[in-house]
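Engineer: Pasting a predicted model and its sequence here:
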Amino acid sequence: MHDPALQALIDKQAITECLMRYCRGVDRADRAAFESAYWPDATDDHVKYVGGVPGLVEFVFAAIARMRTSHMMGNILIELVSDTHAYCESYVRAYHEAAGGLFGPEEMELGARYIDLFEKRNGEWRIRHRKVCIDYYRNGAATSDWKNGRYVEGPSRGEKQPADPLYGMRAEFERIRKDAARKP
């Protein structure tokens, strides 16, 4: 028996996980995770870039090559409009720290919303179109001291792939999964 309420929960969870893959892709400079959030023919209005996914990938990865980022998703409202389409409004707080500003290292914090059209193809939800809406931002001189500060460089510092601790842990998780699959 097909339960529409259960299917709606499954679909909404799949959309939420797609949003999280996007954030991981940006913050860890993980192209595979980033690209897995979009359909290849998707479009994105990303404030300073408007166009298709190949250009978006180049735009985003050129920008993040020069900075540290952290994206935190907050309120996520998903409206399933059919079995294959959903609208989603997600609030995001993003932190960007760039090394080479006009007066030295700069940091920017912004509050934005991702207004997305999701499409389900072959059982998989991905972004078909995204509009980024900036609600606020602030920027100024960076205050982080990664060389001498409280959180100096080391094994707990967030990095881009493959140096980020996530990727080492994922390798361990994969070993555990394979071991578990071998046991009767």
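Structural biologist: Ah, there it is.

Engineer: So for the residue positioned nearest the centre of the chain, what's the nearest residue that isn't a sequence neighbour?
Structural biologist: Centroid-nearest residue in the chain, with CA atoms, centre = their mean: Cys23, separated by 1.4 Å. In space, and not counting its chain neighbours, Cys23 is closest to His71: 4.2 Å by CB to CB, 6 or more residues apart in numbering. Placement of C-beta: from N, CA and C, glycine included.

Engineer: Show me where this structure has its helices.
Structural biologist: 4-27, 31-35, 53-64, 165-182 (DSSP state H).

Engineer: Distance check, the residue nearest to the centre of the chain against Leu110.
Structural biologist: From Cys23 across to Leu110, the span is 14 Å (CB to CB, to the nearest Å).

Engineer: quick revisit: list the contacts of the residue nearest to the centre of the chain.
Structural biologist: Contact analysis of Cys23 by CB atoms under 8 Å, 6 or more residues apart in numbering lists His71, Met72, Met73, Val92.

Engineer: can you do 10 Å?
Structural biologist: Ala33, Phe34, Ala37, Thr69, Ser70, His71, Met72, Met73, Ser90, Val92, Ala94 (CB atoms under 10 Å, 6 or more residues apart in numbering).

Engineer: The third one: what's its closest spatial neighbour, skipping adjacent residues?
Structural biologist: It stands for Ala37. Here the residue nearest Ala37, using CB to CB, 6+ apart, is Tyr22, at 3.9 Å.
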